[in-house]
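# Let's see this in three dimensions:
(2 chains)
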Amino acid sequence: MASNFSIKHQPGFTTIAATCFVVLYLPIVVLVIYAFNAATSTSEWGGFSLKWFQSAYQNTQVIDATLRSFQIGSIAAVLSTIFATMAALATTRTASYPGLTFKYAAINQPLMVPEIVTGVALLIFFSRIKIFTGYSGIGYLVAAHTAFCIPFAYLPIRARLENMDLTLERAAADLYATPWKTFRRITLPLLWPGILAGLMLAFVISLDDVVITEFVKSGGQDTLPTYMLGQIRRGITPEINAISTAFLLLSVAIVTLFFFVSRKRD
Amino acid sequence: MATAEEVAKAAERRDVRDRWLLSAPALLVILLAATGPLLIVLVYSFLTPGAYGDVKWQFSSDAWTSVFLERDIFDDTLSLAAAHVTIFWRSIKLAIVTTLATLALGFPTAYFMATRSEKTRDLWLFLITIPFWTNLLIRTFAVLQIIRNEGIINTILLKLGIISAPIQILYTDTAILIGMAYVYLPLMVLPIYASMEKLDFRLVEAGYDLYATRFKVLRKIIFPLVKPGVIAGSILVFIPALGAYVTPSVLGGGKNMMLSNLIELQFGQGRNWPLGSALSITVMIIVMVALLAYVRNAGKSGVRHG
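Okay, here's the model as predicted:
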């Protein structure tokens, strides 16, 4: 009898967990199914069709917004990952020094403020700069995205660095390697999985942003999420389902990649 | 000749300087495009609204007065701004209820995940990570399709004859609550899971050896040990829930304003940037109070269990 007693069991927990997983996925599954709906209404099932994907593909606004999302996302991801890598090198594997706590706080600051507040702050700040410089291009969005992607890129890079001891770097220095050479030949290859994970995280975070983009963008600078928000507010068509499905596919691909990269033990 | 001590000191100074140089770009970008502008918001909250948006550079504390009070247009008396108080209260209430709901659902889920075998644990973690990485707007949109009058819930209930007319969930506070609990659930599960994974089940076993009931073990052993994860998860849910913009805009349908919609309104049709700024700062103050409470709590429960 006693052998049947499981110390890990808690009544009802498995049921709640199972419900959570089902509930988390059910709406997404329904959304994907209706992307293949031939009917124009989003409530009736009119047979299988790819026409909404086709119509999204032929919608120049959608393509435009998608390209802009990718453009901003890739620039912001690369920049924030480079900056985050440098910052991680500067804030790990050291005894505490003056300003270290300040750096932690500063780097994580964007995480502590609700997006709406950051959005408003940037709206005010950039509208001033726009008046002064007359420039109203995509640079503002890139700057904003880079800033809020830094703490996300920083997370996996810092985690990776903290698990690397300095032995190899010291050995390289003993063998007269210059600091740059040590970095390129020892630190960088070891850190690479962390950097890659940070890059992907930053890209997804940038791609997903609605609030800050909504406040910072000038006219005609919709990204895919802000375009979709505008459409959803106006009324829903299965085209939104089709766009969402494509977007989902991309996210799942990236997260799968991230999972393998960050879980890889060496 | 420099002594060895001086050389070491110089090297240390150089190291600190290099570390500042290395972190400069990240700090600069954040200062310019995240932290710095927050100070401008503070300045703007003390200025006078311009006629077509923006501000006039003229000091005024009106914005701050009108965060919670409103001035009677006839006799200039101040009274509580009922509309603002309602919106503040609704936002805080919904954020708290969302946090509690995700905790009630997320804690057992994290426990379930952490008690799986080493191999399957990664799979469960993967399953909870996918929604976390999926666009929040898309997930909100998915919820909208489920709960609207023509959605799957109402359709099934109607077909089964349980209800005769669709239940209006969409565009209510309940819809916002369901949506927020849905989108923020992974943010609660992940930190609790991280704490739970490190849980030493020998302590649980010891509890049972001493004739504790399941509930007592949960309350006296498991919960205190994973408390840091619970607190982290609660903060991670509470902050975005309080400032939530997407979920109320999509599921609340404009009638049920939350703080973020009220702030947005001041920068749009309201044309009252100082008030919008003052409201934003107020939201930040609420968040900071919550964070301080968190830091103090985390400090207390830190190294008690050796």
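# Which pLDDT does the model give the residue of chain A found nearest chain B?
Closest approach between chain A and chain B, counting by Cβ to the nearest Cβ: A:Pro114, at 2.6 Å. All C-beta atoms are positioned from the backbone trio N, CA, C, and that covers glycine. According to the prediction, A:Pro114 has pLDDT 91.
# for the residue nearest to it when sequence neighbours are not counted, what are its contacts?
Once flanking residues are discounted, A:Pro114 sits nearest to B:Gly243: 2.6 Å by Cβ to Cβ, 6 or more residues apart in numbering or on different chains. By Cβ atoms under 8 Å, 6 or more residues apart in numbering or on different chains, the contact set of B:Gly243 is A:114-117, B:259-260, B:283, B:287.
# for these, which one is nearest B:Leu127?
Relative to B:Leu127, the closest of the contacts of B:Gly243 is A:Glu115; by Cβ to Cβ it sits at 26.0 Å.
# still on that earlier bit, give me phi/psi at the residue of chain A closest to chain B?
For A:Pro114, the backbone dihedrals (degrees, to the nearest 10) come out as phi -60, psi 140.
# Contact partners for it?
B:239-240, B:242-243, B:260, B:283-284, B:287.
# Among these, which one has the most neighbours?
Using other Cβ atoms under 10 Å in any protein chain shown as the neighbour test, these are led by B:Ser260, with 28 neighbours.
# How many residues are close by residue 235?
No chain in the question, so chain A it is. There are 8 residues near A:Gly235, going by other Cβ under 10 Å.
# meant chain B actually
Using other Cβ under 10 Å, B:Ile235 has 22 other residues around it.
# Skipping its backbone neighbours, what lies nearest it in space?
In space, B:Ile235 is closest to B:Tyr294, 5.0 Å off (Cβ to Cβ, 6+ apart).
# Wasn't the one you found part of a helix?
Yes. Looking at B:Tyr294 with DSSP: H, G, I helix; E, B strand; the rest coil, it is inside a helix.
# Distance check, it against chain A.
For B:Tyr294, the distance to chain A equals 11 Å [Cβ to the nearest Cβ, to the nearest Å].
# Now do the contacts for B:Val97.
By Cβ under 8 Å, 6+ apart, the neighbours of B:Val97 are B:Leu177.
# My error: substitute B:Ala101 in the last question.
Applying Cβ under 8 Å, 6+ apart, we find B:Ala101 in contact with B:177, B:181.
# list the buried ones in the helix or strand encompassing it?
Element membership for B:Ala101 (DSSP states H and E) is helix B:82-114. For helix B:82-114, the neighbour count (16 or more other Cβ atoms under 10 Å in any protein chain shown) marks B:84, B:87-88, B:90-92, B:94-95, B:97-99, B:101-103, B:105-114 as buried.
# can you check stretch A:245-261 too?
Going by 16+ other Cβ under 10 Å, stretch A:245-261 has these buried residues: A:245-248, A:250-251, A:254-255, A:258-259, A:261.
# near chain B, which of these show up?
Here is what survives when the buried residues of stretch A:245-261 are matched to chain B using Cβ under 8 Å from any Cβ of the partner chain: A:247-248, A:251, A:254-255, A:258-259.
# for B:Arg148, phi and psi?
Dihedral angles (degrees, to the nearest 10) for B:Arg148: phi -70, psi 170.
# Give me the pLDDT for it.
With respect to pLDDT, B:Arg148 scores 88.
# do you know how far the residue lying closest to it once chain neighbours are set aside is from chain A?
Leaving aside its chain neighbours, B:Arg148 sits nearest to B:Leu170 (4.6 Å; criterion: Cβ to Cβ, 6+ apart). Distance, B:Leu170 to chain A, using Cβ to the nearest Cβ: 11 Å.
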